[in-house]
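> pasted the sequence and its predicted model underneath.
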Amino acid sequence: MLDKGFLDKLKGIVGDENCRTDTAERYCYAFDGGIHRAMPDAVVRPQTTQQISDMVKLANEYKVPIIPRGAGTALCGHSVAISGGVSVDLQGMNKIKEIHVEDLYVVVEPGVIYDQLNAALAEKKFFFPPDPGSAEACTIGGMAACNASGMRAIKYGATREYVLGLEVVMPTGEIVEMGSRTIKDSSGYQFAKFMLGSEGTLGIITEITLRVIPKPKKNAVAVAAFNKLEEAGQGVSNIIGYPVLPSGIELMDDVCIKAVNQATNLGLPEVEALLLIEVDGHPEAVKEDIEKVAEICKSSGATSVEYTDDEKRKVELRKGRKSMIPALSRYKPEWAAVILADDMAVPISKIPQTVKAFHEIADKHGIIVATYGHAADGNLHTKVLMDPLDPEHWKHGEQATAEIFEAVHNVGGTTTGEHGTGITKAPYMRAERKSLIEFMKKIKRTLDPNNIMNPNKMMDWEEGIITHLRYPVNIGGGTDPKNPEGKKSGGSD
Ligand SMILES: Cc1cc2nc3c(=O)[nH]c(=O)nc-3n(C[C@H](O)[C@H](O)[C@H](O)COP(=O)(O)OP(=O)(O)OC[C@H]3O[C@@H](n4cnc5c(N)ncnc54)[C@H](O)[C@@H]3O)c2cc1C
């Protein structure tokens, strides 16, 4: 419950109409795209940086948690108000303020949606490349806070490669400009980069200056089927080592293929692995590269390869991958694709043995793990397929998740390639990065002495992962009738 004095002052800052405390409104902000749930005490929609600064200063005075939020598409409970407090919806600050393609930069407010920015840039034959799967909805502020990326990272990198400057309201309410509008900048600490991946724990990003680049003139797509996962893995290494630099290589394992075939009439070949390979660039280079990709896939053991630069056929070839996520949730009646173990990155050459290890772990626990991902940069995605209302499935899912991350760490991999940590990956990041965790805690305590910015996340999440669940299942915390709002007790320090 928020102090009435705090609430009145908060309304004074953002206006009555932009501060909501009714249950229905707060309920909509209790989730992100992951498995956790907890209601904030209020939802505010600030319109200016000054309002945000005033609000953060007020929150320090009353020691109330502040949870920045873009589109809420993150997948690990990032913006779930686990200790209550104020959910700060930044979607209203959604202006593209400046476009200077001749200087290779744009300036945007944090609530601008990825696809909307690229639609504006396309008119000038430019783009901002990271391309997350949530491109239609996610905000640039959320992307910067999570250092998001996507299928094209092998060639174009992640959000961090494009952030030139940020305006940030720090946890004390101070407004700080970091970085610049120039391609080169050696002026002092590179704090704009430092904020990337902070997931709302170190401040609120209120303006972003992004580098943009010219759009490639053409692209082409190939789909290759492999009877053996190892051969698909070898194919990826052979393409990259040739060298051909693809703009993406997507892998689908046999569980994903079966799910798509069950849910659609696409009739994908029922093999151990499919690769969807994309190349882009100058038309002549694209032709040469896609032909070479097809040749390499065949010599690596592909049983079939199709490639095309025809616009209509490209859409058809991409359909299998595009329909996969909803297809996985229809794998078995009453089951769902649950975001438990997901988004790990391993050295590219370790993909086949890692996927095999995932399947063995799933068999051991009587659950199904579907694996797909951005194979060209070693970023694997898994979905645990299970009955989310069965407590036994959750217990096995949790054990399997721990073993999956152990397998990832054993091959030199990392806990999260692009989604970030939030709650769901916190125990595994802690296992992987012991010294970094302690350092992150020191930085957080220094910059945010009252621990108000998105508290109890990442390095500060001390519990397991199957608590505060959004599913009505009697397990972990958060569904206790005495704690209907599912808040973590204790709140801020
Ligand atoms: C279907 C689907 C596909 C996805 N595919 C990908 C993918 O391919 N690659 C990928 O990287 N991610 C992917 N994601 C995850 C997610 O979409 C990205 O992490 C995205 O960048 C989150 O943006 P958002 O606006 O939804 O942020 P939110 O979910 O609202 O917030 C995410 C985190 O950032 C913080 N935050 C948000 N805005 C600000 C701000 N202005 N200042 C400070 N902190 C802020 C929040 O506190 C929170 O911790 C996917 C999600 C879904 C649902």
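Yes, it's here.
> extract the C-alpha set from the lengthiest helix in the chain and format it as PDB.
Ordering each helix of the chain by length in residues (DSSP state H) puts helix 391-410 first. C-alpha atoms of helix 391-410 as PDB (Å, rounded to 0.1, in the frame of the first residue of the first chain):
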ATOM      1  CA  PRO A 391       3.300 -29.000  -9.600                       C
ATOM      2  CA  GLU A 392       5.300 -32.200 -10.500                       C
ATOM      3  CA  HIS A 393       6.000 -30.700 -13.900                       C
ATOM      4  CA  TRP A 394       7.300 -27.500 -12.300                       C
ATOM      5  CA  LYS A 395       9.600 -29.400 -10.000                       C
ATOM      6  CA  HIS A 396      11.000 -31.400 -12.900                       C
ATOM      7  CA  GLY A 397      11.200 -28.300 -15.000                       C
ATOM      8  CA  GLU A 398      13.200 -26.500 -12.400                       C
ATOM      9  CA  GLN A 399      15.600 -29.400 -11.900                       C
ATOM     10  CA  ALA A 400      16.000 -29.800 -15.700                       C
ATOM     11  CA  THR A 401      16.600 -26.000 -16.000                       C
ATOM     12  CA  ALA A 402      19.400 -26.200 -13.500                       C
ATOM     13  CA  GLU A 403      21.000 -29.100 -15.400                       C
ATOM     14  CA  ILE A 404      20.600 -27.400 -18.700                       C
ATOM     15  CA  PHE A 405      22.400 -24.300 -17.500                       C
ATOM     16  CA  GLU A 406      25.100 -26.500 -16.000                       C
ATOM     17  CA  ALA A 407      25.600 -28.200 -19.400                       C
ATOM     18  CA  VAL A 408      25.800 -24.700 -21.000                       C
ATOM     19  CA  HIS A 409      28.400 -23.500 -18.500                       C
ATOM     20  CA  ASN A 410      30.400 -26.700 -18.900                       C
END
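> return the distance of that helix from the chain's centre.
20 Å (CA atoms, centre = their mean, to the nearest Å).
> next one: stretch 404-416
18 Å.
> so how far is Phe126 from Asp280?
With the distance defined as CB to CB, to the nearest Å, Asp280 ends up 14 Å from Phe126. In this view, the C-beta of every residue, glycine as well, is placed from N, C-alpha and C.
> the two: which is more packed in?
Asp280 (22 against 17; other CB atoms under 10 Å).
> tell me which element the spatially closest residue to Ser180 that is not a sequence neighbour falls in.
Nearest residue to Ser180, sequence neighbours excluded (CB to CB, 6 or more residues apart in numbering): Gly165, at 5.3 Å. Per DSSP states H and E, Gly165 falls inside strand 163-169.
> that strand vs the ligand: in contact?
No. Shown here: strand 163-169 not in contact with the ligand (CB under 6 Å from any ligand atom), separated by at least 7.6 Å.
> packing partners of that strand?
Where contact means 3 or more CB pairs under 8 Å, 6 or more residues apart in numbering; DSSP states H and E, strand 163-169 is packed against helix 49-62, strand 175-179, helix 191-194, strand 204-211.
> tell me the SS of Gln116?
helix (DSSP: H, G, I helix; E, B strand; the rest coil).
> strand partners of the strand holding Gly165, parallel vs antiparallel please.
strand 175-179 (antiparallel), strand 204-211 (antiparallel) (DSSP bridges).
> and it, what's buried?
Using 16 or more other CB atoms under 10 Å as the test for burial, strand 163-169 gives 163-169.
> wait, which of those is closest to the ligand?
Val168 (7.6 Å; CB to the nearest ligand atom).
> in contact with that closest one, which residues?
Counting by CB atoms under 8 Å, 6 or more residues apart in numbering, Val168 makes contact with 175-176, 178, 195, 202-206.
> skip ahead from the longest helix of the chain and say which helix or strand is next.
Next along the chain from helix 391-410, counting by DSSP H and E, comes helix 426-432.
> mean confidence score for that following helix?
Mean per-residue pLDDT for helix 426-432: 96.
> that helix vs the ligand: in contact?
No. Helix 426-432 is not in contact with the ligand by CB under 6 Å from any ligand atom; minimum separation 12.2 Å.
> what does that helix contact?
401-402, 405-406, 409, 414-416, 421, 437, 457-459, 461, 464-465.
> quick one: the strand holding Gly165 to helix 49-62, angle?
50 degrees (axes from the mean of the first three to the mean of the last three CA atoms, to 10 degrees).
> can you give me the domain boundaries for this protein?
For the chain, automatic domain parsing gives the domain ranges 1-89+426-493, 96-214, 218-326, 336-425.
> so which of the ones you listed is the most packed in?
domain 336-425 (a mean of 22; mean count of other CB atoms under 10 Å).
> need the contact list for Cys146.
Per CB under 8 Å, 6+ apart, neighbours of Cys146: 74, 78, 159, 197, 199, 418-420.
> ok, so what distance separates it from the ligand?
4 Å (CB to the nearest ligand atom, to the nearest Å).
> what of Ile351?
17 Å.
> for the ligand, what are the nearby residues on the stretch 301-450 of the chain?
418-419.
> quick one, grab the pLDDT at the residue in the stretch 301-450 of the chain that the ligand sits nearest to.
Here the stretch 301-450 of the chain gets closest to the ligand at one residue, Glu418, 3.4 Å apart by CB to the nearest ligand atom. Per-residue pLDDT puts Glu418 at 95.
> specify the local secondary structure of the closest residue to it other than its chain neighbours.
Residue nearest to Glu418 in three dimensions, not counting chain neighbours: Ser149, with 4.6 Å by CB to CB, 6+ apart. Classification of Ser149 by three-state DSSP places it in coil.
> contacts only, for the residue nearest the centre of the chain.
When the chain is reduced to its mean C-alpha position, the closest residue under CA atoms, centre = their mean turns out to be His419, at 2.7 Å. Residues near His419 by CB under 8 Å, 6+ apart: 74-76, 146, 148, 342-343, 425.
> still on that earlier bit, near the ligand, from the contacts of Val168?
Counting by CB under 6 Å from any ligand atom, 204-205 from these sit close to the ligand.
> and of the contacts of Val168, the nearest to Pro68?
Nearest to Pro68 among these, counting by CB to CB, is Ile204 at 4.8 Å.
> you'd agree the closest one is up against Val86?
No. Between Ile204 and Val86 there is no contact under CB atoms under 8 Å: 11.3 Å.
> which neighbours do those two have in common?
By CB under 8 Å, 6+ apart, the residues touching both Ile204 and Val86 are Ile66.
> in which helix or strand does Gly33 reside?
Using DSSP H and E, no helix or strand contains Gly33.
> now it: how far from Asp460?
21 Å.
> surely Val169 and Val56 touch.
Yes. Counting by CB under 8 Å, Val169 touches Val56, with 5.5 Å between them.
> between these two, which contacts overlap?
Between them, Val169 and Val56 share the contacting residues Ile204, judged by CB under 8 Å, 6+ apart.
> list the contacts for Arg160?
Contacts of Arg160 (CB under 8 Å, 6+ apart): 147, 193, 196-197.
> can you do 10 Å?
130, 143-144, 147-149, 192-193, 195-197 (CB atoms under 10 Å, 6 or more residues apart in numbering).
> how close does it sit to the ligand?
Arg160 is 11 Å from the ligand, by CB to the nearest ligand atom.
> same check on Asn261?
21 Å.
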